[in-house]
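Participant: any chance you could fold what I've pasted below:
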Amino acid sequence: MVKVRSIIALVFLFGFSYFSVQAQDSLAARAENFSKMDSIQRDYKEYDPLAPSKAAFYSAVLPGLGQFYNDSYWKIPLVYGGMATTLYFYIDNNKEYNRYRDAYKRRLAGYSDDEFTGQLSDDALIRAQKQFRRNKQIWLFATIGVYVLNIVDANVDAHLQQFNVDDNLTVQPNFQFDRLSGQANYGFMLNFNF
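Facilitator: All right, here's what the predicted structure looks like:
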């Protein structure tokens, strides 16, 4: 009877120590996972649902300010370069349109001493006006397009900065070489850790 009790006590003691070690390992693993989650959360900005609308508003008020708000400083010269280029061509076409229009108006008023006298006919002046007016309108739409693109870029960039790209959810290409058949197996691997 004493031997049976000793064996039961020994089994109970062994089982108790085994499960307590497992529980401690489980607690250590949970603590490690929480510390990983804390470090992941610290790497990203806190989610702000108004950040995209703030960035879009700032870009609408002053082009490039939304990119500054998003810390995308390298995009600011692109915004101002696009705006300056389109505005330059708009102003240049507007100036040329006004030159040809003023010359045509002088001819209609009866003056014969404009800058195109002897070079262009009245029909050529009308065609030149139409061409430069069309070009002026195209560059005006291009300027508006760059302005709207600036706002959209700031909004999308603010949305994507809050997108979680940690390793808990990954899609990776998978390549395995089968040595028995000599063939390669291609595919994608989806990892979801929680």
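
Participant: tell me how many other residues crowd residue 100.
Facilitator: For residue 100, the neighbour count with other Cβ atoms under 10 Å is 23. Just so you know, the C-beta spots here come from the backbone N, C-alpha and C atoms, and that holds for glycine as well.

Participant: mean confidence score for the helix or strand it falls within?
Facilitator: Using DSSP states H and E, residue 100 falls within helix 76-108. What helix 76-108 shows for mean pLDDT is 94.

Participant: try stretch 155-172
Facilitator: The model assigns stretch 155-172 a mean pLDDT of 77.

Participant: find the centremost residue of the protein, please.
Facilitator: Centroid-nearest residue in the chain, with Cα atoms, centre = their mean: residue 157, separated by 3.8 Å.

Participant: could you find the closest non-adjacent residue to that residue?
Facilitator: Spatially, and ignoring its direct neighbours in sequence, residue 157 is nearest to residue 70 (4.7 Å; Cβ to Cβ, 6 or more residues apart in numbering).

Participant: that older thread, for the helix holding residue 100, name the packing helices and strands.
Facilitator: Helices and strands touching helix 76-108, by 3 or more Cβ pairs under 8 Å, 6 or more residues apart in numbering; DSSP states H and E, are helix 65-69, helix 122-161.

Participant: from residue 155, how far out is the residue nearest to residue 157?
Facilitator: 9 Å (Cβ to Cβ, to the nearest Å).

Participant: can you pull the domain assignment for this protein?
Facilitator: As given by automatic domain parsing, the domain ranges for the chain are 1-40, 48-168.

Participant: most neighbours per residue, which of the ones you listed?
Facilitator: Compared across the domains of the chain, domain 48-168 shows the largest average neighbour count, a mean of 16 (mean count of other Cβ atoms under 10 Å).

Participant: TSV for the domains of the chain, including distance to residue 176?
Facilitator: Converted to TSV, these look like this (distance: least, Cβ to Cβ, whole Å):
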stretch	distance to residue 176
domain 1-40	28
domain 48-168	21
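
Participant: of those, give the one that comes closest to residue 190.
Facilitator: domain 48-168 (11.7 Å; Cβ to Cβ).

Participant: so what's the gap between that closest one and the chain middle?
Facilitator: Centre-to-centre, domain 48-168 and its host chain are 22 Å apart (Cα atoms, centre = their mean, to the nearest Å).
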